[in-house]
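Engineer: I'd like to go over a predicted model; first the sequence, then the structure.
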Amino acid sequence: MPSGPKTRPDNGPTLRLRPNSRNLIPRRSRARPQNPRPHFRQQAQNRRLQIPKLRATKPGFRPVLARHAKTLHIGALSNIRINQFQPVRKTELGLLVNSLKRASDLGEIVDLSARVLGLSGDLNCLMIFGRKYADRDLDEKGFKGVISEVMEVGGSFNLGDYFPYMGVLDLQGYNGRMKKASKIFDGFLEKIIDEHVENKKEKNENENEDFVDTMMGIMESGEAGFEFDRRHVKAVLLDLLLAGMDTSATAVEWVLSELIKHPQVMKKLQNELESVVGPDHMVEEHHLHRLEYLDCVIKETMRLHPVAPLLIPHESMEDCVVDGINIPKKSRVLVNVWAIGRDPDAWPNPETFSLERFIGSDIDLKGRDFQLLPFGSGRRSCPGLQLGLTIVRLLVAQLVHCFDWELPNGMLPGDLDMSEHFGVVTARAKHLMAIPTYRLRK
Ligand code: HEM
């Protein structure tokens, strides 16, 4: 059994816990609340990364930004902006394929988890900051090291969240670790904004605007319609950096693991790619909408391995009733997407990896069906869905089309360890190691 967010079947679909005076409602139910449209918002945790001066100078500020953040995120992640970065994705993925081709020639074992995380980190930096950053640019722990630290601390059970008087003592040291990471990111973002201000004069009109340029533009024009200065620019950039980095890479890692574990599914997907793309060509983004079998592979993987198994904690903004249980205003609500994906009432044979359940079905990934919620649902769902899915589809399609994959040391597909490392983002416990063999004719 995975290590994380399970609720036992005998617990019923909705639980209400009352650690200290705070309500905590973990839900594995697909039931909709009974009031017409109760509102939930994402809840700021004690251990959230903060832009230091933002919190210190104006305690009420983060909620104000939170109200507007969605608009800013959607602006930064619009379809036009996503398409604008298509050449960047093509170049970066081309570099990865070339380096895997060399590994294939030498018969080397490749750390696929690390390669995919590296690529997704580079894509994220190029879109947000306009250039790649080396690990050492952030801290001696490295970019991925600090982000992993943030994800780990953010996903841990912190006594201070439930017993506020313990929060002050910070017995587990989580708040201290988060403050340290916040400071590192703040320094890094300050440097990047300075560089953008400096380079702005020389920037060619035809060059792609990165997300820093967009946010700085909003700040300078005053078009935000609410207080939006350098601190707010940093807060939005930090949201995008953290939310986009691990999520796409973790999804790709799980899809590739399931494909390697199920060679007959891998073969069918390669057949689909050969008929849509052809055996001589690399995958291009315009092929993606014709890859229906790939979409089923991604849905089935996200059902079993949701990247954020408890979403982000939500808070009920008014009293409501779910499954006959009263949920008072201001309760922390954890939606257990992991358990919903394995609920036998929602999915026949839920533990079996079976794409057939999605063939001819209209269940999508947008959160319309409370059965499948890998990106959340409603107004606080993931604004990066389109970008995230484009990256996941493209990476998986390219890696499966260009290479056959074998497990090292004669390991059989059925023996691949699928244990999870629980956190806000739940990745594989052990990196996925595999040997590539180049399979295109050119
Ligand atoms: C396969 C990739 C991805 C998955 C599975 C994913 C999943 C999620 C989930 C589950 C949430 C929380 C929703 C909730 O609590 O209801 C979320 C929030 C968010 N995601 Fe994603 N995400 C992905 C990629 C991205 C990317 C690439 C970006 C942007 C670069 C992004 C930006 C965000 C932001 C900014 C939020 C917070 C939204 C808010 O505060 O309202 N995500 N994502």
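Structural biologist: Nice, I can see it.
Engineer: What parts of the stretch 101-250 of the chain come near the ligand?
Structural biologist: Listed as neighbours of the ligand in the stretch 101-250 of the chain under the rule Cβ under 6 Å from any ligand atom: Asp239, Leu240, Ala243, Gly244, Thr247, Ser248. Any C-beta I mention is one placed from the backbone N, CA and C, and that applies to glycine too.
Engineer: Top of these by number of neighbours, please.
Structural biologist: With neighbours taken as other Cβ atoms under 10 Å, the top of these is Ser248, carrying 27 neighbours.
Engineer: so what's it up against?
Structural biologist: Each residue near Ser248 by Cβ atoms under 8 Å, 6 or more residues apart in numbering is listed here: Ser120, Leu387, Gly388, Ile391, Val392, Leu395.
Engineer: how about 7 Å then?
Structural biologist: Ser120, Gly388, Ile391, Val392 (Cβ atoms under 7 Å, 6 or more residues apart in numbering).
Engineer: now, which of these sits nearest the ligand?
Structural biologist: Gly388 (2.8 Å; Cβ to the nearest ligand atom).
Engineer: quick one on the thing from earlier: where's the dip in pLDDT among the contacts of Ser248?
Structural biologist: pLDDT is lowest at Ser120 among these; the value there is 92.
Engineer: on that earlier part again, now intersect the contacts of Ser248 with the helices, please.
Structural biologist: Using DSSP state H, Ser120, Gly388, Ile391, Val392 are the members of the contacts of Ser248 that sit in helices.
Engineer: among those, which ones are buried?
Structural biologist: Neighbour counting by 16 or more other Cβ atoms under 10 Å classes Ser120, Gly388, Ile391, Val392 among those as buried.
Engineer: Same list (those residues) but as CSV, adding distance to Val333.
Structural biologist: As requested, these are arranged in CSV below (distance: Cβ to Cβ, whole Å):
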residue, distance to Val333
Ser120, 29
Gly388, 23
Ile391, 29
Val392, 27
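Engineer: Spell out the residue ranges of the helices in the stretch 51-200 of the chain.
Structural biologist: Secondary structure of the stretch 51-200 of the chain by DSSP state H, counting those that start in this stretch: the helices cover 52-57, 61-76, 79-84, 86-106, 112-129, 143-155, 159-162, 164-169, 174-200.
Engineer: Please name every helix or strand in contact with the fourth one.
Structural biologist: So that's helix 86-106. helix 112-129, helix 385-402, strand 433-438 (3 or more Cβ pairs under 7 Å, 6 or more residues apart in numbering; DSSP states H and E).
Engineer: Equivalent analysis for the fifth one, please.
Structural biologist: In this structure, helix 112-129 packs against helix 86-106, helix 143-155, helix 211-221, helix 230-261, helix 385-402, with contacts taken as 3+ Cβ pairs under 7 Å, 6+ apart.
Engineer: mind running it again at 6 Å?
Structural biologist: helix 86-106, helix 230-261 (3 or more Cβ pairs under 6 Å, 6 or more residues apart in numbering; DSSP states H and E).
Engineer: And the pLDDT at Lys299?
Structural biologist: On pLDDT, Lys299 comes in at 98.
Engineer: next one: Asp194
Structural biologist: Asp194 is assigned 91 on the pLDDT scale.
Engineer: Test my guess that Leu416 contacts Lys261.
Structural biologist: Yes. With contact defined as Cβ atoms under 6 Å, Leu416 counts as touching Lys261 (4.9 Å).
Engineer: hang on, the earlier thing: go through the helices and strands packed on helix 112-129 and name the closest to Pro279.
Structural biologist: Ranking these by proximity to Pro279 (Cβ to Cβ) places helix 86-106 first, at 15.1 Å.
Engineer: Can you give the contact residues for that closest one?
Structural biologist: Residues from elsewhere that reach helix 86-106 (Cβ atoms under 6 Å, 6 or more residues apart in numbering): Val110, Leu119, Asp122, Leu123, Leu126, Glu285, Gln398, Cys402, Pro436, Thr437, Tyr438.
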